[in-house]
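[1] my questions are about this predicted structure, shown below with the sequence.
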Amino acid sequence: MMGPSHALSGAAVWLAGSWALDYAGVVEQSPLAVAVGTAVCAGGALLPDLDLSGKVTANKGGATVARTFGVVSLFVAEVVEKVSLGVYHATKLSKDPNRKNGHRTLTHTIPFTVLVGWGTTALCTKYGKWAVIPILFFMMGLALRGLFHQWAQRAGWVIVTLASAAAAYYAFLNLPADRGYPMLGLAVGVGCFVHLIGDMLTSAGAPILWPIPIGRQMWRMIGLPDAIALKAGGKVEVIVLRAVFTLIALAAGTALLGRAVLRTLNVVS
Ligand SMILES: [Zn+2]
């Protein structure tokens, strides 16, 4: 799947999950907390593709996510790709093919998903606002890039960077500090996981079982068979799937907002 579809799927899953938890009376979140979680989850759903580097010196290419902060994020993508390739070579078994590029390896595994989710929460707990603000800033940037990709492309990375900074600071000032941190890590982790599911719908798949060896393969790509696989960037993805994600997001978002309003009017508790 392409960047914008990944971001939309992350937003839809977070909103639908928040609605379900709210409806079941398990977790009630303020509209701002839901909005921040949705943005962070949408951004998290782009994070694994930070291993798709472009040309740093020419400021070209790379995944949606790699272009978020211009040359800076392109450079980060370059590093992530090389580190992933290093881990691939260090852990590959005889049946794993030789690779020249680290895309769809380390950042597309369950351990990576768990590590970034846990790491986000750990950093926020240890360093407080000095971690929360930069993490929000980074994730908001990714979310803007993915959810509003046409606008982001026209506006350019400077505007995207400024908008993310403003959104991150606003969110930080207004979020209740005590409950924000585990939620942030969870949103990042869920986003990454949703990305893996998205890639598994394509025939290229994702090495989701790493580091469990199967046969003589550590990096087996798990994806749908060619006949029914989603074509990345094809009509089904761009038109059908994005419409479905948008509808789910809008329906869950409206329902959540409705419940928040009813709650302030004391109609539901
Ligand atoms: Zn991917």
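    Arrived safely. Numbers count the residues shown, from 1 in each chain.
[2] can the one helix or strand Val190 maps to be found next to the ion?
    Under DSSP states H and E, the secondary-structure element containing Val190 is helix 177-200. Yes - with Cβ under 5 Å from the ion as the criterion, the ion is reached by helix 177-200 at Asp199. All C-beta atoms are positioned from the backbone trio N, CA, C, and that covers glycine.
[3] pLDDT of that helix, averaged?
    When pLDDT is averaged along helix 177-200, the result is 87.
[4] how far away from the center of its chain is that helix?
    From the chain centre to the centre of helix 177-200 is a distance of 7 Å (Cα atoms, centre = their mean, to the nearest Å).
[5] with stretch 229-243 instead?
    Between the mean C-alpha point of stretch 229-243 and the mean C-alpha point of its chain there is a distance of 18 Å (Cα atoms, centre = their mean).
[6] start to end distance for that stretch?
    Distance between the boundary residues of stretch 229-243 (Cα to Cα, to the nearest Å) amounts to 18 Å.
[7] which helices and strands does the helix holding Val190 pack with?
    Helix 177-200 sits against helix 3-23, helix 31-44, helix 110-127, helix 129-147, with contacts defined as 3 or more Cβ pairs under 8 Å, 6 or more residues apart in numbering; DSSP states H and E.
[8] what pLDDT does His89 get?
    If you check His89, the pLDDT there is 94.
[9] mind showing which ranges of the stretch 51-200 of the chain have poor pLDDT?
    In the prediction, the stretch 51-200 of the chain carries residues with pLDDT under 70 at positions 56-61, 177-180.
[10] in it, which residue sits closest to the ion?
    Of the residues in the stretch 51-200 of the chain, the one nearest the ion is Asp199, at a distance of 4.4 Å by Cβ to the ion.
[11] isn't that residue up against Thr107?
    No - contact between Asp199 and Thr107 fails when scored by Cβ atoms under 8 Å: they sit 10.5 Å apart.
[12] touching both of those two, which residues are there?
    Pro48 (Cβ atoms under 8 Å, 6 or more residues apart in numbering).
[13] nice, that's everything, thank you.
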